[in-house]
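[1] Predicted model and sequence follow; I will ask about them next.
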Amino acid sequence: MLKPIFLGLTLIAVTPAIAQDAPPAPQAKLVNEDVGVPVFPYDITDRPYTVLGEVKAGVRKATVFSKSPSQKKIYRELWERAEKLGADAVINANYGDAHMTVMSWGKTNATGTAIKFLPAGTPMPAKTPAPSDTPTPSGN
């Protein structure tokens, strides 16, 4: 009779100690709810990341009578390319209107920046300032 009670109390006492040694939970996946993929037309400022590079995609219409590609389809194409780079998300995504080319009835070009999130608690890397447009005096 005392054996099951003793065993139960031992398990209750040990459980919090085991929970404290568990590794920290990873950050939740970030997804743009409108399109179902982690592609955003804006910058993400609430968590640190590093830039992997620019991603480009071109989405074509099937025929001259087809509708222009949707935002969802365009963002999925960008995400496929960013995933190959090992990205966690794409930021600053943009695209234009479909235009005709020699090889296509209509093509929409899109670009974005592939990023990889840094572990929680890591400070955001400093952004490098854009080059200045003001001319520098030459030492003649």
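    Nice, I can see it. Residues are numbered from 1 along each chain as shown.

[2] For the chain, which segments count as helices?
    2-20, 71-84 (DSSP state H).

[3] Give the buried residues for the last one.
    Of the residues in helix 71-84, those with enough neighbours to count as buried (16 or more other C-beta atoms under 10 Å) are 71, 74-79, 81-82. Where you see a C-beta, it was placed from the backbone N, CA and C, and this is true even at glycine.

[4] picking that back up, which of the helices of the chain has the lowest average pLDDT?
    With a mean of 49, helix 2-20 has the lowest mean pLDDT of these.

[5] any chance of the buried residues of helix 71-84 in JSON lines, plus distance to Val51?
    What follows is the buried residues of helix 71-84, written out as JSON lines (distance: C-beta to C-beta, whole Å):
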{"residue": "Gln71", "distance to Val51": "23"}
{"residue": "Ile74", "distance to Val51": "21"}
{"residue": "Tyr75", "distance to Val51": "18"}
{"residue": "Arg76", "distance to Val51": "21"}
{"residue": "Glu77", "distance to Val51": "20"}
{"residue": "Leu78", "distance to Val51": "15"}
{"residue": "Trp79", "distance to Val51": "16"}
{"residue": "Arg81", "distance to Val51": "15"}
{"residue": "Ala82", "distance to Val51": "11"}
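
[6] just those residues now: which is nearest Arg47?
    Ala82 (16.7 Å; C-beta to C-beta).

[7] Contact partners for the closest one?
    Residues in contact with Ala82, defined by C-beta atoms under 8 Å, 6 or more residues apart in numbering, are 39, 52, 55, 89-90, 112, 114.

[8] can we see that at 6 Å?
    55, 90, 114 (C-beta atoms under 6 Å, 6 or more residues apart in numbering).
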